[in-house]
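> One predicted model, sequence on top.
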Amino acid sequence: MGVVLLAGCTPAGKTVSRSVIENRIQAILEVPTIEFVYREVLYIGEEARFLGIKHLDKRLLFSVDIILKAGFDLSKGIEIDRAIDNTIRIILPEPEILEVDADEDSIHQFFVKEWGGRITRMDYYDELNRRKNDIKKDAVSRGILLKAKENGEKMISGLLQSTGDSKVKILYKTGEALHE
Amino acid sequence: MNRRKRKPGKFSLFILTVVLAGAVISAVYILAGMKLNFHLSSVKKISKSELILTGIYEIFNISTVEYVYKSVFPFDFYSESTNWYLLSAKRNRGDILTAEENDTMNLYDLCSSIGIRLEKENYQFLVITSIIKAGLAVPGAITSKDIVIEGKNITVRLPETEITGFIIEDTDSSEYTYPDMDIDPLHWKTISGFVESKIIKRVLEKGILQEADERLKVFITSFLKEAGFESVEFTR
């Protein structure tokens, strides 16, 4: 592969306008900045006895892939200003989980036992929906939002550095409060 | 009408000398630059390439995909079509087992040692959670030789994506939502060792590296298009 010495596109050192920066940041943050794939295992089990005699034993074990994507919902607003020392200050909404999707093609059933009753489709969907909420919490505890933020900052920083703006300060807006 | 010839003044001679000297120095400077391959006029352009490189480097540091992969022991680790009686008989006869058959019988023995009889109807299982990360293992590996810019077209040579992290998580009883199994630490250690390489193989088969690669390309393409390039291509 050849050596790079040819032309770039945006002249280095030229001040880029606020609206151009805003459009560029909106474009690069349009895609979720992090993706977690869960291969989740769901178990439905119900057992009942009457006078010591088992009359119900339902068990279902299956796995399903659940995909979580996190990033920035820029419809909540993005603000950009340039300070006198040429530092670009960018105010973004907090990162959030943007999508939680179960890939039903990935379902794999390990076993099913229906003795004294059946496991219905509703049992399965109820369990899946309940698990989606648990997974959201789990992903947050594993730092998905922190990673979404770090990745977003790296992308913005990379973009602005490529156009010669090295001084960037990114803040996040929670309600009316701003923080790093 | 008499025309008087004007002699050039001292000041005019000085200006002429300065201009000629300037022209000679410029010519020598440019010729020397061409011969010695100086890139006298490309300082700004090199700088731009380096800026692009810095931007891509930042994106190379992005962690793209993480799998939280739950495996079900023993069900995930043998084929549903396994005939345990035939396989056991083959081993008992002293026939040579294939590597795969041998591995399956190791699982059979491991399960027997914790009270799971695979040849019978079994509803006992263990859920093992592992975390697998994929991306670029050496993010700083990109150099100016890995990108070629021609006008508004850019070609980036991407390193191969790799598994960058793998751990089997310790089981936390407050978060384990499945029926419990009575297993001592030694057997748990044996099971962890048995499943480790198989889990990595499974996530590779599921395409974790391709997914990491695709996401990386999406990020870099988006970044480079916003940096002003019209066409972005990738090579290996």
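In hand now; what should we look at?
> ok, which stretches of chain B are helices?
Here chain B has its helices, by DSSP state H, at B:10-35, B:43-60, B:84-93, B:99-113, B:185-205, B:208-226.
> for those, which one sits closest to residue A:50?
Among these, helix B:99-113 comes nearest to residue A:50, with 33.1 Å by Cβ to Cβ. The way it works is simple: take the backbone N, C-alpha and C, and place the C-beta from them, glycine included.
> just checking, what packs against that closest one?
When contacts are defined as 3 or more Cβ pairs under 8 Å, 6 or more residues apart in numbering or on different chains; DSSP states H and E, helix B:99-113 packs onto helix B:84-93, helix B:185-205.
> What average pLDDT does that helix get?
Helix B:99-113 shows an average pLDDT of 93 in the prediction.
> before we move on, back to that, any chance of JSON lines for the helices of chain B, columns mean neighbour count?
As requested, those are exported to JSON lines (neighbours: other Cβ atoms under 10 Å in any protein chain shown):
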{"stretch": "helix B:10-35", "mean neighbour count": "10"}
{"stretch": "helix B:43-60", "mean neighbour count": "20"}
{"stretch": "helix B:84-93", "mean neighbour count": "12"}
{"stretch": "helix B:99-113", "mean neighbour count": "15"}
{"stretch": "helix B:185-205", "mean neighbour count": "15"}
{"stretch": "helix B:208-226", "mean neighbour count": "20"}
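> what are the phi and psi values for residue B:83?
Dihedral pair for residue B:83: phi -100, psi 100, per degrees, to the nearest 10.
> Quick one: closest of the helices of chain B to residue A:113.
Closest among the helices of chain B, once you apply Cβ to Cβ, is helix B:99-113, at 18.9 Å.
> any low-confidence regions in chain A?
Applying pLDDT under 70 to chain A flags residues A:1-16, A:166.
> Tell me where it has strands.
With DSSP state E, the ranges of strands along chain A come out as A:34-50, A:53-71, A:79-82, A:88-93, A:96-115, A:168-174, A:177-179.
> Rebuild those strands as JSON lines, extending it with mean neighbour count and distance to chain B.
Shown next, in JSON lines, are those (neighbours: other Cβ atoms under 10 Å in any protein chain shown; distance: least, Cβ to the nearest Cβ, whole Å):
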{"stretch": "strand A:34-50", "mean neighbour count": "18", "distance to chain B": "4"}
{"stretch": "strand A:53-71", "mean neighbour count": "18", "distance to chain B": "6"}
{"stretch": "strand A:79-82", "mean neighbour count": "14", "distance to chain B": "14"}
{"stretch": "strand A:88-93", "mean neighbour count": "18", "distance to chain B": "14"}
{"stretch": "strand A:96-115", "mean neighbour count": "14", "distance to chain B": "4"}
{"stretch": "strand A:168-174", "mean neighbour count": "14", "distance to chain B": "11"}
{"stretch": "strand A:177-179", "mean neighbour count": "9", "distance to chain B": "22"}
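> Could you export the ones you listed as TSV, including distance to residue B:166?
TSV is the format used below for those (distance: least, Cβ to Cβ, whole Å):
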stretch	distance to residue B:166
strand A:34-50	14
strand A:53-71	18
strand A:79-82	40
strand A:88-93	32
strand A:96-115	21
strand A:168-174	31
strand A:177-179	34
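> Give the bridge partners for the closest residue in space to residue B:179 that isn't next to it in sequence, please.
Nearest residue to residue B:179 in three dimensions, chain neighbours excluded: residue A:45, at 6.7 Å (Cβ to Cβ, 6 or more residues apart in numbering or on different chains). Residue A:45 forms beta bridges with residue A:59, as assigned by DSSP bridges.
> What's the separation between residue A:45 and residue B:125?
Distance from residue A:45 to residue B:125, counting by Cβ to Cβ, to the nearest Å: 11 Å.
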